[in-house]
Every structure is written in structure tokens, then in C-alpha cells.
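**Student:** Kindly generate the corresponding structure for this input.
(2 chains)
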Amino acid sequence: MADDEDPKEYRWETGYEKTWEAIKEDDDGFLEASVAEIIQRAKRKRQQNKQVNSKLGMMRHLYVVLDCSDAMSAQDLKPTRLLCTLKILENFIEEFFDQNPISQMGIIIMHNKRAERICDLGGNFRKYIKTVNGLTKTALIGEPSLQNGLELALKSLKLLPSHASREILVIMGSLTTCDPSDINKTISMLKHEGVRCSVVGLAAEVHVCRQLANETGVDPPPAAVCLESSLIKMGFPHQMIVEGTEEPLTMCMCHVDSTEEGSKLTTGGYYCPQCYSKYCELPVECRSCGLTLVSAPHLARSYHHLFPAASYREIEFDNQSLNCFACQKIFSEADKQVYLCSNCQQYFCLDCDIFVHDILHTCPGCATNPTTFQMFQSQM
Amino acid sequence: MQKAQNKLAIMACHSKISKFVYPGPGKPLDIRQVDGQYEVFTLVEKTVKQNLMKILTTETSTVYTESLLAGTIAMALCYIARILRTKTPGLKINSRILTVTGSGDSASQYMNYMNVFFTAQKQNVVIDVCALDQHLSLLQQGCDITNGLYLRIPQIQGLLQYLLWVFLPEPPVRQKLVLPPPVKVDYRAACFCHRELIDVGYVCSVCLSIFCKFSPICTTCHTVFKIPGPLTVKSKKKKIKL
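**Tutor:** Coordinates of the predicted model:
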């Protein structure tokens, strides 16, 4: 972020120097084998670079501040800037909640010199996707006000406890901002509160955006460095199951004082294990006793960061095994390398190696072996 | 075998090994039509019988109570991933995994189960569970996560009926059927220290490890915690039993 003004080329570009020299024709004059090998090597390399890193700081609180001004109707991104942004934002939300399961997100839009909060901080990603889909029909009018957007986000981020990380992501299509007072004061306040702001500019670079990002961007990313760590008491609600009886009709605490839709008497729900208040969705903070209520899968989604599967050793294929242990693919001449798990001593093919370490995070060989099924790399 | 294009793979597992029973390792058996039966049926039947026999006869030592189901599902997911990789582009495949088990699911495989369920969810693989004996709370969570069906069958005599009526229809068809009502899912977590299911626990804010008691240092990420002040409980009411 900060070294952009450096006249040298970007750091990430150096990896692609003289790539054409690495490609060699094979005996028949084809390039495919060589290219496939390079891809293979890159995939492996990426995996090995992944280190066992248990400091995560995953309770992120993020406000997405979206520009909905006139400038977003430009058609340089297809079909329009807004529609393109919303489509990508949808993927972002899904990924965000996939990787940060108990984090919270809120959405603010800026149009007509005002900022409007569309969604409060919350953890229900379906709701956000629905809201983002609904935004396609927003009227794109006037100028955005960066200051108003930031202030509104700050107002609700301020109230969070010290162990939570706070972030704002601004998506700007406009080159101008129309602010009521000095934006530098807002920026220094954000800095003081430890809110990390990032800006995605859809048009040319705007100085104030860069300044905002530079001033507030704490590098390294909002991990445990600056935050207090603490053990947080949490409840894992479960539904009441009384054999043979229907659950009583009750009102959930989330809708008890609203008159909108959803405030109905229902039978199911999640009950706080401490005070037995009922909620219709998780994660939520109990309104009566303050306990954070989550469901176990919310937390479990991130455990693979803590306990990654053991990495495999690359071995020249020499008929060590008939087929890949996991996917049953029969090894042939085309498989130059096979992959050996050092824990369970099973052989895998390249595709399974990548699938296991990128997505599954459990070694099928280890998990089916009574002596190794609880082994992970971090314990070695 | 509702459609000729459908593909089936059967795996067997107990506490020591997990193996593909059909399609088995090596060449497919040589099958001739018997009594006018569809050849594929004969092939499946013969292969399954033969391979199951092998597994059951080789295992002689004590078999523990719990099968390593998570690993078996992991293998199945790798298998499905391979099918998806090698399919003709444009072809849509609805893949699902049916687990029929009589063993329990203890928290010792918790991590493996969770990894498997989230992978299935990502890959759009439905996991169905047919429990023959005990109630399986972890696998039930898996069904809920992947939109599968969980059924603990009340009578073992009716197993075939349940399999045919409940688990055979494809997920898109299921919405139109009257199936056993969804069971309430128990979403309690297992603590890292004793692997027991808990109602209220302490969670490390850095790495999200779960502990059943307060400890000053996280055993997973070695973070030192500050000692909490008095908890801000507004009013202590007596627990109301519902």
C-alpha cells in the first residue's frame, strides 16, 4: 500500500521476469508438458510457503462503505460500475464469512451527499447478500460524502470491545467528495481509534483516499499485534428437545420489540444456555445476560488454520503404489511424481495433494488410520 | 440405478481400515447376464460380496466400537473431486454421500468431521446419514450443514424401506416428498482440553480454541490472556426449566 510511489516496479511483478525462458519444447515440439510442469510447481510452492500460523485475530468487524453516487453509473466496468461492484461484493461477502466465521459486517451507502446505513453489524451472510442484491435498484444520484460515510461507520465501531479488530472498506467510484467539515480530523480520529481503512478506487487515484489508507493502515494486518487477547466466554445454544412434546410457542429476543415481519410466535429457536432467552439466528449476543452465542460450526470453520494437514513429500514415481489412496486414480506413466504423507505412509496423486491441502485440510490416509487420525502438522 | 448415467461407489469402513468396495481395486469382474438381470446390477452385487468378504475375513483382532467415518467421507470427497475434474465440461453432476452406520460418533474425530462437512458444503455435495443404532450428533450437524437428511431409523427391520423411500430420491425431488420431519440439531461444541460437548465455554479471541475452564494461557496459540474482571451479568435469575 505504502510503497506505491516507489519508482521501481511492484514487488509482486518480479516473480514473472523472463517467464518465457522457463518454457521449453519437449521432444515432439509441444509446450504443454512444460507449461503443466510450471503450473504444478507453482501450486506446490504456494502450499509449502503456507506456514503454521496460529495468530489470527479473527473477530473482525468490517464496514463496507459503498459509493452510490452518480459516478457509479459509468460504464467503464460492464455493465455499469455499480452492478459490477455489487456482483463482486457478493463473492467478497461469501468469502469473508467463510474465512472469518464469527466476524461481523455492516454496509453503508453514500449518495446525494449523505451516508445511509443499509445493514448494521451482523453475522448473517444471507441477509447481506440479499441486501446487496437489492441495491441494484438504488437511484444513483448526487455526490458521495466520504466524511459522512466514515463518521457513520466510526460511530458504531467505537462501541466495540478491545479484542475486536475494526476495519472500514471504502469503494469509491467518484473522484470528488462533498464533506461538511475538515476530513483530516476524521482521519486522525479513525487513526486514534485504531480503525483500519482500505479504499478501492474505481476511477483515478484520489489523494485523500491514499492519505486515508496510509494514515490508518496498520501493517501487518489487524492481527493480534495491537489487540488485547482474552478468553471470551461463549455459549453454544442448542434447541430444547423434550421427547414427545411440542415446543411451546414463544417469541425470540431478536424480534421482541420490533413490529416488522419476523416478529411472530415460533416454536423452534436457539436458547441461551445461561438465561434461556430465545434467538432465531446465530451468532448473536444475548440481550439479557450478555453472553456471546455462537454455534460450534461457526468456530470450527477456522480450525484448519490451526491444525493444517501434514504436508506431503514429493517422490519420483516408481510403482510404489497401484493407485492414489484417496481418489483411487490408477497411477500411470504420466504421473511423474507421487506424494507421500509422512504420517500415514500413503501415496497420493498431485490433484489430491492440492485438494487435500487447499480445501479439505484433512489427510484421508491419516483420518482412516486408527493411530494417526488425530495427528496434525502442528503437533509434529 | 434410477438412471443409466448414474454412478455408484460403495465404501466400507471400520475402526481400522476404509476401502472402496465398488468399484474395487483392479479390473472389473467378468460378468455374464444371469437370469435376465441387468448386467450392472450383477456386477455391483458380485464385486461388493467379494470385496466385503475380503475385508471381513482379514480383520480378526479386536475391533473398536467406533468407525473412522470422517476419513472415509474424506476419501469419498476426493473421489468425487476426481470425477468432477475429469467430467466432460458442461455436464452437471449432483453428487451425494450416504452414510449408513451403526457406530457412534465421538468427539475424537471432531476436527476431521468438521473439515469434511465444510468441504462438502463448498463442493455442493449432500451428505445423508442413516443411523442404525445410536443418535449421532456430529453427523447430524453435517447433514444440516450440507442440506442432507439425517434419519435414525426406528426399526431395523424396515431398513430397506427407509433407504428406498427416504434416501433414494435426489435432493431436488425431496422437496416434493413428505419425509420424516427435520430433527432439531444439537450445535454444541467440543472443548479442546477434554473433548467433551459443552454448553458454555471460553473461546480464545486469537485462535478461537474452545476451553471448558478459564486458563491463563491458550494451549493452541500460546497467547497469554488478561484475567477478566467481574462478569457483567445484569441480574442473576434462577434458571427456568422449560
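
**Student:** Going by C-alpha atoms from here, please, whenever you check contacts or count neighbours.
**Tutor:** Noted.

**Student:** any idea how chain B splits into domains?
**Tutor:** The record's domain parsing of chain B by automatic domain parsing lists B:1-65, B:68-186, B:188-228.

**Student:** dump the residue contacts of the closest residue in space to residue B:188 that isn't next to it in sequence.
**Tutor:** With Cα to Cα, 6 or more residues apart in numbering or on different chains as the criterion, residue B:188 has its nearest non-adjacent residue at 5.2 Å, and that residue is residue A:236. Counting by Cα atoms under 8 Å, 6 or more residues apart in numbering or on different chains, residue A:236 makes contact with A:272-273, A:293-296, B:187-189, B:198-201.

**Student:** rerun that using 6 Å as the cut-off
**Tutor:** A:293, A:294, A:295, B:188, B:199, B:200 (Cα atoms under 6 Å, 6 or more residues apart in numbering or on different chains).

**Student:** ok, now residue A:284?
**Tutor:** residue A:293 are the contacts of residue A:284 under Cα under 6 Å, 6+ apart.

**Student:** Quick check: it vs chain B, distance?
**Tutor:** 14 Å (Cα to the nearest Cα, to the nearest Å).

**Student:** Name whatever forms a beta bridge with that residue.
**Tutor:** Beta-bridge partners of residue A:284, counted by DSSP bridges, are residue A:293.

**Student:** Who are the packing partners of whichever strand or helix holds residue B:57?
**Tutor:** Per DSSP states H and E, residue B:57 falls inside helix B:39-58. Applying 3 or more Cα pairs under 6 Å, 6 or more residues apart in numbering or on different chains; DSSP states H and E, one finds that helix B:39-58 contacts strand B:18-22.

**Student:** Low-confidence regions, the chain specifically.
**Tutor:** This is for chain A. A:1-36, A:43-58, A:161-163, A:218-229, A:239-247, A:254-264, A:267, A:374-380 (pLDDT under 70).

**Student:** The chain in question should be chain B.
**Tutor:** B:1-2, B:26-28, B:59-65, B:107, B:182-184, B:186, B:226-242.

**Student:** Show me which residues of it sit near chain A.
**Tutor:** B:16, B:68, B:71, B:74-75, B:78-79, B:115, B:119, B:186-189, B:199-207, B:221, B:225-226, B:233 (Cα under 6 Å from any Cα of the partner chain).

**Student:** Just the buried residues from those, in PyMOL please.
**Tutor:** In PyMOL, a selection of the buried entries from these looks like this (16 or more other Cα atoms under 10 Å in any protein chain shown):
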select buried, chain B and resi 16+68+71+74+75+78+79+115+119+186+187+188+189+199+200+201+202+203+204+205+206+207+221+225
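
**Student:** any chance you could map the strands in the chain?
**Tutor:** Here I'm looking at chain A. In chain A, the strands defined using DSSP state E lie at A:60-67, A:104-111, A:114-122, A:165-172, A:195-201, A:231-235, A:270-271, A:278-279, A:284-285, A:292-293, A:312-316, A:337-341, A:347-348.

**Student:** Let me rephrase: I mean chain B.
**Tutor:** Under DSSP E, chain B gives strands at B:10-13, B:18-22, B:96-101, B:126-131, B:150-152, B:189-190, B:197-198, B:200-204, B:210-211.

**Student:** Packing partners of the second one?
**Tutor:** The helices and strands touching strand B:18-22, judged by 3+ Cα pairs under 6 Å, 6+ apart, are strand B:10-13, helix B:39-58.

**Student:** And the first one, by the same measure?
**Tutor:** Under the contact criterion of 3+ Cα pairs under 6 Å, 6+ apart, strand B:10-13 touches strand B:18-22.

**Student:** Spatially central residue in chain B, please.
**Tutor:** residue B:139 (5.1 Å; Cα atoms, centre = their mean).

**Student:** Distance-wise, check that residue relative to chain A.
**Tutor:** Distance from residue B:139 to chain A, by Cα to the nearest Cα: 12 Å.

**Student:** quick revisit: what angle do the helix holding residue B:57 and strand B:18-22 make?
**Tutor:** Interaxial angle, helix B:39-58 versus strand B:18-22 (axes from the mean of the first three to the mean of the last three Cα atoms, to 10 degrees): 150 degrees.

**Student:** Quick one: name the residues of the stretch 151-300 of chain A near chain B.
**Tutor:** Checking the stretch 151-300 of chain A against chain B by Cα under 6 Å from any Cα, the hits are A:229, A:230, A:231, A:232, A:233, A:234, A:235, A:236, A:238, A:289, A:295, A:296.

**Student:** Just flag the most distant two among these.
**Tutor:** The most widely separated members of these are A:229 and A:238, with 27.3 Å between them, by Cα to Cα.

**Student:** buried sites along the helix holding residue B:57?
**Tutor:** B:42, B:43, B:44, B:46, B:47, B:48, B:51, B:52, B:55.

**Student:** any idea how far chain A is from the last one?
**Tutor:** Between residue B:55 and chain A the distance is 15 Å, computed by Cα to the nearest Cα.

**Student:** got it, and the first one?
**Tutor:** Taking Cα to the nearest Cα as the criterion, residue B:42 is separated from chain A by 22 Å.

**Student:** before we move on, the earlier item: list just the nearest of the buried residues of helix B:39-58 to residue A:172.
**Tutor:** residue B:44 (59.8 Å).

**Student:** Distance check, that closest one against chain A.
**Tutor:** Counting by Cα to the nearest Cα - residue B:44 and chain A are separated by 17 Å.
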